[in-house]
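Q: Any chance you could fold what I've pasted below:
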Amino acid sequence: MYKETVVRRKVPSIFIIVILLAVSIVVSDIIINIQVGEYKVGGYLTILLACIIFLLIIMQINKCSVKYKYSIIADELIIYKLKGSRQEVMESIKIKDIEDIIKVDKITSRFRTILCKKYSCLNITNNLYACMYNNGHMRGKFYFEPSCKLIDKLDILKKKDMC
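A: Presented below is the predicted three-dimensional model:
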């Protein structure tokens, strides 16, 4: 049995929030005096911009409360999503069904993971891996952020399964 938890770091989120606020101040100063014909629409655009920035800040704060727990129990890799006291199983895969786990390039991973399942907090310093599996009737792929220790344990268990 092995388990580890991945948590999103708060400093990058705070940095993103500060940048969003700075950009919103600059853009609102620029658009406040926009007129279309004789109508001043700058005030409405400023309110719209404030609402959009508010939603983006709420999304960043919400992302900080999500954690992922990766567990190896017997011959299964189980991925849990933790939010507050709620725990939800996202994936449960037999280790023998895992075809490949590959390290993904940090720059291109941001674009590849947009439409795929991802169970990581996307910390810049950590490595992102893609796991491809086939459980007999379905092929799947997801991205996650395991430690080197978890990758080593999965390799050992896969080799033990093949013998």
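Q: Where does the prediction get shaky in the chain?
A: Within the chain, the set of residues satisfying pLDDT under 70 comprises 106-115, 122-126, 162-163.
Q: Got the domain ranges for it?
A: 2-6+68-162, 8-64 (automatic domain parsing).
Q: quick one, which of those is packed in tightest?
A: Of all the domains of the chain, domain 2-6+68-162 carries the top mean neighbour count, a mean of 14, counting by mean count of other C-beta atoms under 10 Å. Quick note: C-beta positions are derived from backbone N, CA and C, even for glycine.
Q: Return the distance of it from the chain's centre.
A: 12 Å (C-alpha atoms, centre = their mean, to the nearest Å).
Q: quick one: stretch 39-57 to chain centroid distance?
A: Counting by C-alpha atoms, centre = their mean, stretch 39-57 comes out at 27 Å from the chain centroid.
Q: could we number from 44 for the rest of this?
A: Understood, numbering begins at 44; the last thing we discussed is stretch 82-100.
Q: Run through who's touching it.
A: For stretch 82-100, the surrounding residues in contact (C-beta atoms under 8 Å, 6 or more residues apart in numbering) are 60, 63, 64, 66, 67, 70, 71, 74, 75, 76, 77, 78.
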